[in-house]
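*Asks:* Fold the following.
(2 chains)
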Number of protein chains: 2
Amino acid sequence: MILLGGRGYVGNAYKKYFEEQNITFHEVKRDQFDGSDPKKLADLIQSTSSEFLINCAGYTGKPNVDACEEHKAECLFGNAVLPGMIQAACDMAGIPWGHVSSGCIYSGRRDDGKGFKEDDAPNFCFRTDNCSFYSGTKALGEEVLEGNENVYIWRLRIPFDHIDSSRNYLSKLQRYSKLLEAENSISQLDEFVSATYACWEKKVPFGKYNVTNPGAVTTREVVDLIKKHLCPDKEFEFFDNESDFMSKAAKTPRSNCVMDSSKLSDAGIQMTEVHQAVEDALARWEKE
Amino acid sequence: MILLGGRGYVGNAYKKYFEEQNITFHEVKRDQFDGSDPKKLADLIQSTSSEFLINCAGYTGKPNVDACEEHKAECLFGNAVLPGMIQAACDMAGIPWGHVSSGCIYSGRRDDGKGFKEDDAPNFCFRTDNCSFYSGTKALGEEVLEGNENVYIWRLRIPFDHIDSSRNYLSKLQRYSKLLEAENSISQLDEFVSATYACWEKKVPFGKYNVTNPGAVTTREVVDLIKKHLCPDKEFEFFDNESDFMSKAAKTPRSNCVMDSSKLSDAGIQMTEVHQAVEDALARWEKE
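*Replies:* The predicted structure is shown next:
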């Protein structure tokens, strides 16, 4: 097993999981290969005799997605070019792999009111010209991988877990001075990691999977759960609406969307219902 | 002077020009720097004490733009990420630079019937969702460079010159078995090279310039000039229309567009009227 992008929030969760499960893995760091030359990465893969690779490297922007507007080339490279380079390297090395993509390529719900399925065309991307640069590059990353038959594309959405940190959605909601009410499908990070690993372990068919906890939550619902478990007396402030949020707090629009994760559960991989998953995390909350 | 991309059709024209004009230049090849690390390129720039850089590296697809549909990551890297990396490297090294972009980010004419000006938004790109992957990446490359004040963005369109070759538009028209009638602004390559170098030499303001020969030509007009000068008896076949062309000969749509190059001429840099430029090339045609 090769792990790319092990230093980030998602990568660390994979490392913890591999260590807990005694899964041997080799972490490949960004400076160990030329990001524009797949041959060097292919050689690294072959030198470890790995049978699978997981890519959780990507450019997300810090402290938030607005930063991607200022670092477009890095963002395009990390989210759209690098997946193609990894695909080429895995093809050379003759192994399948999994790519951590994102559900942020959608906005809202489908016209029929349901959550977006894997084959629905992105509606929050460059091609619909309504997106953040970040979302545009994530959608392009999926386009780059289209047609390849040895890759899992795992769509993560707004990760959270039970440990307070700057990348944890449940921490972010407590730290922002004002919140935007929106409805989203979200991913409990440890469940995301074990579900994605299970795809490979159980040899479910390659392709795209929405790896979110079943259902959707609104910001106010999550805030109510945070209050119930952590801070009953805290008052949370909300923006009047999205244009209030955009004018006061954001440079670029955010994706808020509902996803349908039934393809994953139909493949035999279950995740906890989303409200329950949020409660579970808050019930064992660990302050940073 | 640093030259990137010296091995291509455009790069070779720059090298010939620099040699004729006794302009000292350093050709930097793709394998001399990590395409995802601007620091190494910045070091190379500084080691040569160059005051300017010209980038004519890019991914165009061979034998034609259809190939970009099969090599999306390389295409994105060469046309959209690399310009951003070069910008970062030039900023580190403290020098201005010029980027060979393309007019292929437009289709047709403006709504008012005129040619597209530099500030018109691209209408053949990912954001308008009607383009080839190639055009999408070229438009993204311009987006990546937006807001930088030390860069010329020179838009080339369908280059041609008087020497028969597989990349020369006048040769291509003679070699294709069937042609698509369309109206285009096009660029005589040697004039493109001297006009772009003049931008730097004359210190015209940085920014975007359409570097096409003034006016527009139709495919049939160019074919008539080819017949007149080279092969009076040859019959050229044409597709019935664009959808006939798309269904029989192409995987991805082509940009055909008319551009307004008056910003360049207003800056004091003149190019030959387009029909005359085609005649001049054909009058001194050199068979491969």
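
*Asks:* What's the separation between the closest residue to A:Gly6 other than its chain neighbours and chain B?
*Replies:* Spatial nearest neighbour of A:Gly6, excluding adjacent residues (C-beta to C-beta, 6 or more residues apart in numbering or on different chains): A:Glu27 at 4.2 Å. (Glycine included, C-beta is placed from N, CA and C.) If you measure A:Glu27 against chain B using C-beta to the nearest C-beta, to the nearest Å, the figure is 18 Å.

*Asks:* Over to A:Glu27. Which of the three states is it?
*Replies:* strand (DSSP: H, G, I helix; E, B strand; the rest coil).

*Asks:* Double-check it against A:Tyr14; I have them as touching.
*Replies:* No - contact criterion C-beta atoms under 8 Å: A:Glu27 and A:Tyr14 do not qualify, at 9.3 Å.

*Asks:* overlap in contacts of these two?
*Replies:* The contact sets of A:Glu27 and A:Tyr14 overlap at A:3, A:6 (C-beta atoms under 8 Å, 6 or more residues apart in numbering or on different chains).

*Asks:* Output the set of residues of the stretch 51-200 of chain A in proximity to chain B.
*Replies:* A:72-74, A:76-77, A:80-81, A:83-85, A:87-88, A:126-129, A:136, A:140, A:143-144 (C-beta under 8 Å from any C-beta of the partner chain).

*Asks:* circling back to that earlier point, so what's the residue count around the residue nearest to A:Gly6?
*Replies:* 16 (other C-beta atoms under 10 Å in any protein chain shown).

*Asks:* quick one, what contacts it?
*Replies:* A:2-3, A:6, A:15.

*Asks:* Let me know the pLDDT of it.
*Replies:* The predicted structure scores A:Glu27 at 96 on the pLDDT scale.

*Asks:* repeat for the one 3 residues further on
*Replies:* Turning to A:Arg30, the model gives it a pLDDT of 79.

*Asks:* and the closest residue to it other than its chain neighbours, backbone torsions?
*Replies:* The spatially closest residue to A:Arg30, leaving aside those adjacent along the chain, is A:Ala57, at 6.8 Å (C-beta to C-beta, 6+ apart). As for A:Ala57, its main-chain torsions (degrees, to the nearest 10) stand at phi -80, psi 150.

*Asks:* Also the one 10 residues further on?
*Replies:* A:Ala67 adopts backbone torsions of phi -60, psi -30, taken as degrees, to the nearest 10.

*Asks:* count of residues packed around it?
*Replies:* A:Ala67 - counted by other C-beta under 10 Å - has 18 other residues nearby.

*Asks:* Report the spatially closest residue to it, excluding sequence-adjacent ones.
*Replies:* A:Gly61 (3.5 Å).

*Asks:* ok, and the helix or strand in chain A with the lowest average confidence?
*Replies:* helix A:242-249 (a mean of 90; mean pLDDT, DSSP states H and E).

*Asks:* what packs against the helix or strand following that helix?
*Replies:* Toward the C-terminus, helix A:242-249 is succeeded by helix A:262-266 as the next helix or strand (DSSP states H and E). Packing partners of helix A:262-266 (3 or more C-beta pairs under 8 Å, 6 or more residues apart in numbering or on different chains; DSSP states H and E): strand A:207-210.

*Asks:* Report all helices and strands that the strand it packs on contacts.
*Replies:* strand A:151-156, helix A:262-266.

*Asks:* so what does the next helix or strand after that strand touch, helix or strand wise?
*Replies:* Remark: after strand A:207-210, the chain's next helix or strand is strand A:217-218, criterion DSSP H and E. Helices and strands touching strand A:217-218, by 3+ C-beta pairs under 8 Å, 6+ apart, are strand A:183-184, helix A:274-283.

*Asks:* Save the ones you listed as CSV, and put in mean pLDDT, mean neighbour count and distance to B:Asp119 too.
*Replies:* Output for these, formatted as CSV (pLDDT from 0 to 100; neighbours: other C-beta atoms under 10 Å in any protein chain shown; distance: least, C-beta to C-beta, whole Å):
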stretch, mean pLDDT, mean neighbour count, distance to B:Asp119
strand A:183-184, 98, 18, 37
helix A:274-283, 98, 18, 46
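
*Asks:* For the closest residue to A:Glu118 other than its chain neighbours, give the beta-bridge partners.
*Replies:* In space, and not counting its chain neighbours, A:Glu118 is closest to A:Lys208: 4.0 Å by C-beta to C-beta, 6+ apart. Applying DSSP bridges to A:Lys208 yields these beta-bridge partners: A:Ile153.

*Asks:* where do the strands sit along the stretch 51-200 of chain A?
*Replies:* Secondary structure of the stretch 51-200 of chain A, counting by DSSP state E, counting those that start in this stretch: strands at A:53-55, A:97-102, A:151-156, A:159-160, A:183-184, A:187-188.

*Asks:* okay, which residue is most central for chain A?
*Replies:* The C-alpha lying nearest the average C-alpha coordinate of chain A belongs to A:Leu156 (C-alpha atoms, centre = their mean; 2.9 Å).

*Asks:* quick one: that residue and A:Glu288, what's the gap?
*Replies:* Shown here: A:Leu156 relative to A:Glu288, a distance of 22 Å by C-beta to C-beta, to the nearest Å.

*Asks:* one step back: and of the helices and strands packed on strand A:217-218, who's closest to A:Glu221?
*Replies:* helix A:274-283 (6.9 Å; C-beta to C-beta).
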